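**Student:** this is a predicted model, with the sequence first.
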Amino acid sequence: MTAVTNYQKIADLAVAALDWEVDFTPKPGLVDAISNGAHQDMDAALFHRSAASLHDYFVQLGAVAEGRAPNDLLREQIGSLGRTAEKRMFAATNGVNTHKGAIWALGLLVTAYWLQPAANSAQLLAIAGQLARIDDPGNESVTKQTYGQQAQHQYGIGGAQAEAQSNFPHIARLLELPLTTKDDWLRALLTLYATVDDTNVIHRSDLATLRFLQQQAKRIAQASEPVLKNSEFAGLADFTIEKNISPGGSADLFAATKFLKTLPKQDLAERSVLDYGKITFQL
Ligand SMILES: CC(C)(COP(=O)(O)OP(=O)(O)OC[C@H]1O[C@@H](n2cnc3c(N)ncnc32)[C@H](O[C@H]2O[C@H](COP(=O)(O)OP(=O)(O)OP(=O)(O)O)[C@@H](O)[C@H]2O)[C@@H]1O)[C@@H](O)C(=O)NCCC(=O)NCCS
Ligand SMILES: Nc1ncnc2[nH]cnc12
């Protein structure tokens, strides 16, 4: 049995990735350290409170998953933990949806880590996908229509659930990019804007607006000049405000990518908690 402190250390990494994501600046349309993007009901402090409220959830996932196989019972248990985490998040934010997508994506990845702590990132994405493909008996979207389901019915777009069930292809793609400098991470974020069919953008606007955002983001991501020197970048932020759109799904996948990049590669279970210093990320 692994010491509980290791569950806490992985939970620290998950929460730190969420904190890093909200502080990463600039993120057109999203909340960051200096702008609330296209949001009237959220700011960075709210996101930090929300992230802190999820720490216990990530610890509990470790405790329930360690050493097990991805089977029906485990899927039911983590689904139940995920729904409890959503309730805690809504309590911490007075009912604002800050991290529903992160509870889903990071929850699956933390679980995958504890099933196979020595797995590499690609293997963790595959294990998370395997878990996501198992039916969750408590999934309320069977009875209550979510924005993701609306997008599915209206446009045939899969959203958060399909992303996980297909082994998080957008995260896999980012992991092939250099992710060292601030410009690398900005390009990675824009690559997500350019390729993710974000159901948050769709429900606040329509498919044509999502496609336009994607095209603009792709042009900037593929240009040779640094993103912050690209004159079209400011226009992207203006567009998100004008259309009141927020790529929240991209934000979650961005945080999940950071989490994978910061996981100890292997043998965490054998290492002392003292091996890990205070966790802070440079932007
Ligand atoms: C199975 C679930 C994923 C539910 O699936 P469903 O397809 O029904 O998804 P939704 O409930 O519609 O969306 C879930 C959140 O996923 C993010 N997201 C959206 N598109 C994508 C995508 N293409 N890929 C990945 N992720 C995506 C998104 O979350 C982010 O945006 C939120 C903020 O949005 P915003 O528009 O500002 O606010 P809203 O209140 O939603 O709208 P307004 O009315 O204010 O405009 C923020 O939360 C970000 O995180 C979607 O919100 C799954 O959710 C599920 O079953 N959950 C319960 C069990 C569980 O968690 N299990 C996990 C155990 S490991
Ligand atoms: N920084 C952010 N701004 C808005 N929605 C988000 N969902 C997750 N992170 C977000």
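**Tutor:** Structure received. All values reported here derive from a predicted model rather than from experimental measurement. Ligands and ions are numbered 1, 2, ... in the order given.
**Student:** show me where the stretch 151-283 of the chain has helices.
**Tutor:** Residue ranges of the helices in the stretch 151-283 of the chain, as given by DSSP state H, counting those that start in this stretch, are 159-165, 169-175, 182-195, 199-204, 207-222, 231-243, 248-262.
**Student:** distance from the shortest one to the middle of the chain?
**Tutor:** For helix 199-204, the distance between its averaged C-alpha position and the chain's averaged C-alpha position is 16 Å (Cα atoms, centre = their mean, to the nearest Å).
**Student:** hmm, it in reach of ligand 1?
**Tutor:** Yes - on the criterion Cβ under 6 Å from any ligand atom, helix 199-204 is in touch with ligand 1 at 199-200, 204. Using the backbone N, CA and C atoms, a C-beta is placed for each residue, glycine as well.
**Student:** pLDDT on that helix, on average?
**Tutor:** Helix 199-204 carries an average pLDDT of 94.
**Student:** so what does that helix touch, helix or strand wise?
**Tutor:** Using 3 or more Cβ pairs under 8 Å, 6 or more residues apart in numbering; DSSP states H and E, the elements in contact with helix 199-204 are helix 147-155, helix 207-222, helix 248-262.
**Student:** deepest in the core, which of the helices of the stretch 151-283 of the chain is it.
**Tutor:** Among the helices of the stretch 151-283 of the chain, helix 248-262 has the highest mean neighbour count (mean count of other Cβ atoms under 10 Å), at a mean of 26.
**Student:** and that helix, average pLDDT?
**Tutor:** Here the average pLDDT along helix 248-262 is 98.
**Student:** what does stretch 80-98 give?
**Tutor:** The average pLDDT within stretch 80-98 is 98.
**Student:** list the buried residues of it.
**Tutor:** By neighbour count with 16 or more other Cβ atoms under 10 Å, stretch 80-98 contains the buried residues 81-82, 85-86, 88-90, 92-93, 97-98.
**Student:** against residue 201, how distant is residue 216?
**Tutor:** Distance of residue 216 to residue 201, given as Cβ to Cβ, to the nearest Å: 12 Å.
**Student:** quick check: phi and psi at residue 48.
**Tutor:** Per-residue torsions, residue 48: phi -70, psi -40 (degrees, to the nearest 10).
**Student:** what about it, how many residues nearby?
**Tutor:** 17 (other Cβ atoms under 10 Å).
**Student:** mind checking the SS state of the nearest residue in space to it that is not next to it in sequence?
**Tutor:** Nearest residue to residue 48 in three dimensions, chain neighbours excluded: residue 19, at 6.0 Å (Cβ to Cβ, 6 or more residues apart in numbering). Under DSSP: H, G, I helix; E, B strand; the rest coil, the three-state class of residue 19 is helix.
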